[in-house]
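*Asks:* Dropping a prediction and its sequence here:
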Amino acid sequence: MFPPDPPAPDWFTADDSTLGVALVFPLQGPAGMFGPTCELCARLAAEEVNRAGGVLGRELKLLPVDGGAAPREIADHLEALVDLGVVQGVTGWHISSVRQALAPRIAHRVPYVYTALYEGGEHTSGVFLTSETPRDQLRPAMGLLAHERRVRRWFVVGNDYVWPRRTARAARAYARDCGSSIGGEVYLPLGTHDFEPVLRRIEHSDADGVLMLLVGSDAVRFNRAFAAYGLDARCLRLSTLMDENMLMASGPSATADLYSTAGFFASLANQDTLDFHGQYAGRYGVEAPALGSLGESCYEGVLLLAALLKQAGTLDVSAIGAAADTVSYEGPRGLLHLRGSHVRQRIYLARADGLDFDVLTELDLHGSRP
């Protein structure tokens, strides 16, 4: 449990020489496995911002907050930090349940940049999103796999909270659009270990594709169980939340015919990605946690928050929102712009190849909107 009145961190000073940013990322639970990458990528971006002069004449400093705790506890903690004047902005990767608890408590007071892929539809004033949404990420991927791999019947396996359920609801419409259908859906608590009942249902269905909407170590355990059950010979898998850390934890024997869709893959061989690899390895060494889209999103979050504040020239959330559609920044995903508080970006489809992803194509978004 968080203390009701958290003390100001050691670096907090009364002379306003620093700009405190709460970095909310998972330190526990299924998503805790990529927490270290989230923190390192965010710190890399903060150092870059500070080398360029900081934000509004102040040094940007990150305050880590455990985004793997209960959503209400996190919201209580963040609201107390804002009350104390410790943080003037919030960013980070955390699940949608946490975002839904945080946004109404803090977004009208400090800018909040959310970096996780999510279910779409977030338009709370003061919330800005670097993340992929099903319309841009899942819809074209399902259409391509229906065309190229003749997937006709999907089975959804997700964790039991807002992102998987709302994404699955969208997937039903996308399946109809491409001549497919959703034949079954199962939602499991975060932290599930026993997938045998689900695997039996998939086995007895006529599914030829499984849509995985599982978080972190839950997805890793599912991949291993799925392969051990022999279902990988019959059904391909598609995930919108599968990064390199999760792929390596699953192991190459458990990821045959596994597809992932995201705005960033570490194996992309363009100049922006290669430059980012060089910066990350140069700062943290070759033994650092593997880069992936989930950790990298926290780098994007810090850059976008800094760009928003610089463009508005103030910490006032209303002024930041008014200037948001004129904001752009350049990072590992290229030159990106905000539209309707969402970052517009390229989305890719990749297939697991051993311990890495083989990026197959850039998806055609057909002018879709969040």
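*Replies:* Done, it's in.

*Asks:* residues touching the residue nearest the centre of the chain, list them.
*Replies:* The centroid of the chain falls nearest to Ala116 when counting by C-alpha atoms, centre = their mean (2.5 Å). Contact partners of Ala116, counting by C-beta atoms under 8 Å, 6 or more residues apart in numbering, are 93-96, 99, 131, 294, 297. In this view, the C-beta of every residue, glycine as well, is placed from N, C-alpha and C.

*Asks:* got it, and Asp243?
*Replies:* By C-beta under 8 Å, 6+ apart, Asp243 lies in contact with 34, 260, 262, 292-295.

*Asks:* Select, from those, the two members most distant in space.
*Replies:* Ser260 and Gly295 (14.6 Å; C-beta to C-beta).

*Asks:* Would you agree the residue nearest to the centre of the chain falls within a strand?
*Replies:* No. The assignment for Ala116 by DSSP: H, G, I helix; E, B strand; the rest coil gives coil, which leaves it out of any strand.

*Asks:* re earlier: may I see the contacts of Asp243 arranged in JSON lines, with distance to Leu355 and pLDDT as well?
*Replies:* Below are those laid out as JSON lines (distance: C-beta to C-beta, whole Å; pLDDT from 0 to 100):
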{"residue": "Phe34", "distance to Leu355": "15", "pLDDT": "91"}
{"residue": "Ser260", "distance to Leu355": "13", "pLDDT": "97"}
{"residue": "Ala262", "distance to Leu355": "17", "pLDDT": "96"}
{"residue": "Gly292", "distance to Leu355": "12", "pLDDT": "92"}
{"residue": "Ser293", "distance to Leu355": "16", "pLDDT": "94"}
{"residue": "Leu294", "distance to Leu355": "17", "pLDDT": "95"}
{"residue": "Gly295", "distance to Leu355": "16", "pLDDT": "95"}
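
*Asks:* quick one: which of the residues you listed has the most company?
*Replies:* Ser293 (32 neighbours; other C-beta atoms under 10 Å).

*Asks:* I figured that residue was touching Leu268, is that so?
*Replies:* No. With contact defined as C-beta atoms under 8 Å, Ser293 does not count as touching Leu268 (10.1 Å).

*Asks:* all helices for the chain, in order.
*Replies:* Taking DSSP state H as the test, the helices found in the chain are 35-51, 71-83, 96-106, 134-148, 162-177, 196-204, 216-228, 244-250, 271-284, 293-312, 317-323.

*Asks:* I'd like to know which of these is closest to Arg339.
*Replies:* Here helix 134-148 is closest among these (C-beta to C-beta), at 11.7 Å.

*Asks:* So which bits of the closest one are buried?
*Replies:* Judged by neighbour count using 16 or more other C-beta atoms under 10 Å, the buried positions of helix 134-148 are 134-146.

*Asks:* I'd like to check the angle between it and helix 162-177, please.
*Replies:* Here the directions of helix 134-148 and helix 162-177 differ by 40 degrees (axes from the mean of the first three to the mean of the last three C-alpha atoms, to 10 degrees).

*Asks:* So which elements touch helix 134-148?
*Replies:* Counting contacts by 3 or more C-beta pairs under 8 Å, 6 or more residues apart in numbering; DSSP states H and E, helix 134-148 packs against helix 162-177, strand 209-213, strand 236-239, strand 258-262, strand 348-353.

*Asks:* contact partners of the first one?
*Replies:* Same thing as helix 162-177. 95-97, 100, 118-121, 134-135, 138-139, 142-143, 154, 156, 158, 181-182, 185, 187, 211, 213-214, 240.

*Asks:* So what's the gap between that helix and the chain middle?
*Replies:* 18 Å (C-alpha atoms, centre = their mean, to the nearest Å).

*Asks:* could you give the angle of it to strand 209-213?
*Replies:* Compare the direction of helix 162-177 with that of strand 209-213 by the same axes, to 10 degrees and you get 150 degrees.

*Asks:* Any regions of this protein where pLDDT drops low?
*Replies:* Counting by pLDDT under 70, the low-confidence segments of the chain come to 1-15, 366-370.

*Asks:* for the contacts of Ala116, which one is nearest Ala288?
*Replies:* Leu294 (14.8 Å).

*Asks:* Could you pull up the residues touching the nearest residue to Glu122 once chain neighbours are set aside?
*Replies:* Once flanking residues are discounted, Glu122 sits nearest to Leu129: 6.2 Å by C-beta to C-beta, 6 or more residues apart in numbering. Neighbouring residues of Leu129 by C-beta under 8 Å, 6+ apart: 113-115, 118, 122, 341-343, 370.

*Asks:* So in terms of bridging, what pairs with Leu129?
*Replies:* As for beta bridges, Leu129 partners with Tyr114, His342 under DSSP bridges.

*Asks:* hang on, the earlier thing: compare the contacts of Leu129 and tell me which has the most neighbours.
*Replies:* Busiest of the contacts of Leu129 [other C-beta under 10 Å] is Thr115, holding 32 neighbours.

*Asks:* okay but His94 is in contact with Phe25, surely?
*Replies:* Yes. Using C-beta under 8 Å, His94 is in contact with Phe25, at 6.5 Å.

*Asks:* shared neighbours, those two?
*Replies:* Common contacts of His94 and Phe25 (C-beta under 8 Å, 6+ apart): Gly67.

*Asks:* Looking at the two, which has the bigger crowd around it?
*Replies:* Ranked by neighbour count (other C-beta under 10 Å), His94 and Phe25 place Phe25 first, with 30 against 25.

*Asks:* what's the nearest residue to that one if we skip its chain neighbours?
*Replies:* Cys38 (3.9 Å).
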